[in-house]
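Participant: any chance you can model this:
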Amino acid sequence: IAPASFYVEVGEAKLGILKDEDGEFQAKEPLDEVLEPGEIVSWWADFPAPPSGTASFNLDIFPVDPFLNVPLHAD
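Facilitator: Numbering: from 1, shown residues only. Take a look at the predicted model:
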């Protein structure tokens, strides 16, 4: 699964994974594993910060159903 299909959605804006100066995605290797029931795998990616005042966002990591209304807390 290509990292380009993963994004944070804030309102109408879709914020994709950041890339470094070499054009490489700032993320762990693409998720291409089939998990067994109860199996866990970790994954990370760097996304741009949402606009100031954003209270929540949706996280789309295809093919998993989106995580909706994830609360955003600024410290």
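
Participant: rounded mean pLDDT for the host helix or strand of V70, please.
Facilitator: Using DSSP states H and E, V70 sits in strand 67-71. Strand 67-71 carries an average pLDDT of 94.

Participant: do the same with stretch 3-13
Facilitator: 87.

Participant: what comes up buried for that stretch?
Facilitator: By 16 or more other Cβ atoms under 10 Å, the buried positions in stretch 3-13 come out as P3, F6, Y7, V8, V10. (Glycine included, C-beta is placed from N, CA and C.)

Participant: what's the answer for stretch 46-58, then?
Facilitator: F47, P50, F57.

Participant: so V8 is in contact with A49, correct?
Facilitator: No: counting by Cβ atoms under 8 Å, V8 does not reach A49; the two are 9.5 Å apart.

Participant: out of the buried residues of stretch 46-58, name the ones that lie in strands.
Facilitator: F57 (DSSP state E).

Participant: any idea which of the buried residues of stretch 46-58 the model trusts least?
Facilitator: If you rank the buried residues of stretch 46-58 by pLDDT, P50 sits at the bottom with 89.

Participant: check contacts around G16.
Facilitator: G16 makes contact with A4, F6, Y7, F47, according to Cβ atoms under 8 Å, 6 or more residues apart in numbering.
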